[in-house]
Structure formats: structure tokens, C-alpha cells
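> sequence isn't available, so here's the structure alone:
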């Protein structure tokens, strides 16, 4: 992806989040120079990969297959193992109309996905087989605490205010309809390095062509600008 495209996505994201009256923490708007002045006090942001995350999943077409998200808080896998400290994570996801996040599951993470505003969020579901393919068995999930069962490949639609719980080994893909969606994710610790199983072989973090300076840093940019360690 070109940096100019990423910057444009960030400007759109800022405007949409503002319209939804959701507030991001101050570090969401730190640019490269802000990061060069920071020290050890922000090491948690870097270590836990908080902040902006933009991916086209290797598609080369962000508007068709991609996702812009912001991680607000996240513990470590060690916290989860010890059941001490932050054992949870929270994100917002900005999902455009017909913009797909492809089929994936998590080996360990349980998460709630919440439609916090905008259009409708559509989620297609499959159980995973023992060899991690799509199963043809019915899928049972909790939607706002109410048990629902759909056929394999069934789609559940969330209107603003509604939520769904995904347990481990449950394949899901999602997109928006009738308007862009501000979705929330509340989960156990998020570990993008080790806990995502995509059905297809895809690129999770994009290779960036630096055709202009970054507006804000992505979580995978920190190593280039933050030196305190």
C-alpha cells in the first residue's frame, strides 16, 4: 500500500469516528516527530501494539478487502497465562460497505463484536473442522446473550447496538451494508503474531511504499521512530 493511501484512510477514519461521537486517546494523533520525542513512558503502547492498524490483507484493493482498526488497550499473553494484570483487549473496527475482512478464526481468543453505530454489520459463520477447513455443521453463537443457531455459512446481521460473541475455532468473515460501521471488539488478550488462522494464505501487515510522510504512525511503524526501548 502507498503511504498516501494510508494517510487518506486515516483522514476518513478520523472524520467518521468524530461523526460517531467516539473519542480516541491523544496518541492516536501523534505524528513521526511526536514519536521521536517519546521515551520509556510509552513502552506499553509499543509492546502491546496499541494504535492504528490498516491492512488490505495482501489484496492490493483496500476498499474491496481490507480493514482499518485502532487498538485501545491490550494485555500480554503472559498476563493471560498468569490471570493477572490486563487479560483483555479492546479495539474499534471501521468497516465499509461491501469491504470484506476474510474468513479467519482464533486459536485462543474469545471476542465480542459490537455494532457501535452506522450501518449494518454482516457476519458469515462456519465452525472449523479438526484440520481447520470450513465445517458443514450448524453454528451456535450468543447474540446479546441470546443463543442463536444458523446453518453452516449462515449470515447474522447486527444493527447498531447489537453484538455477537465468537469463541475460539469459529470461522467468521464480515462486511458492512447500508452504511459504514463503527464496530467495537472486546476480547481476551489479542496476539496478532500467533493467534490468527486465516482460511486463505494472506498478508496481515502491508508492505508500505513511502510516497509521502506518515500522517499518524501505524502500530507496525513504531520501530522506525521510537528508540527508547
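Sure, I can see it. Since the model is a prediction, treat every value here as computed from it, not as a measurement. Numbering: from 1, shown residues only.
> for the rest of this, base every contact and every neighbour count on C-alpha atoms.
OK.
> after the helix or strand hosting residue 81, which helix or strand is next?
Using DSSP states H and E, residue 81 falls within helix 77-82. Using DSSP H and E, the next helix or strand after helix 77-82 towards the C-terminus is strand 88-95.
> neighbouring contacts of that following strand?
13, 67-75, 175-176, 180-190 (C-alpha atoms under 8 Å, 6 or more residues apart in numbering).
> if we use 7 Å, what do you get?
Contacts with strand 88-95, where a contact means C-alpha atoms under 7 Å, 6 or more residues apart in numbering, come from 67-75, 175-176, 180-190.
> and the helix or strand hosting residue 102, how far out from the chain middle?
Using DSSP H and E, the element containing residue 102 is strand 101-105. Centroid displacement of strand 101-105 relative to its chain, using C-alpha atoms, centre = their mean, to the nearest Å, is 11 Å.
> what angle separates it from strand 88-95?
150 degrees (axes from the mean of the first three to the mean of the last three C-alpha atoms, to 10 degrees).
> which of the residues in stretch 65-83 are classified as buried?
65-77 (16 or more other C-alpha atoms under 10 Å).
> just stretch 41-49 next, same as before
In stretch 41-49, counting by 16+ other C-alpha under 10 Å, buried: 45, 46, 48, 49.
> among those residues, which one sits closest to residue 6?
residue 49 (17.6 Å; C-alpha to C-alpha).
> now that closest one. Nearest residue, chain neighbours left out?
Of all residues not flanking residue 49 in the chain, residue 219 sits nearest, at 5.3 Å (C-alpha to C-alpha, 6 or more residues apart in numbering).
> what about this structure, any weak spots by pLDDT?
228-229 (pLDDT under 70).
> roughly how far is the lengthiest helix in it from the heart of the chain?
What stands out as the longest helix in the chain, according to DSSP state H, is helix 3-19. Centroid displacement of helix 3-19 relative to its chain, using C-alpha atoms, centre = their mean, is 15 Å.
> same question, stretch 101-108
11 Å.
> so which bits of it are buried?
In stretch 101-108, counting by 16+ other C-alpha under 10 Å, buried: 101, 102, 103, 104, 105, 106, 108.
> contacts for stretch 165-177, please.
Against stretch 165-177 from outside (C-alpha under 7 Å, 6+ apart): 95-113, 119-128, 141-143.
> among those residues, name the buried ones.
Buried, going by 16+ other C-alpha under 10 Å: 95-106, 108-113, 119-128, 141, 143, out of the contacts of stretch 165-177.
> quick one: the nearest residue to residue 137 once chain neighbours are set aside and residue 171, what's the gap?
Once flanking residues are discounted, residue 137 sits nearest to residue 152: 5.4 Å by C-alpha to C-alpha, 6+ apart. Distance, residue 152 to residue 171, by C-alpha to C-alpha, to the nearest Å: 10 Å.
> more neighbours, the two?
residue 171 (28 against 17; other C-alpha atoms under 10 Å).
> that one falls within a strand, correct?
Yes - looking at residue 171 with DSSP: H, G, I helix; E, B strand; the rest coil, it is inside a strand.
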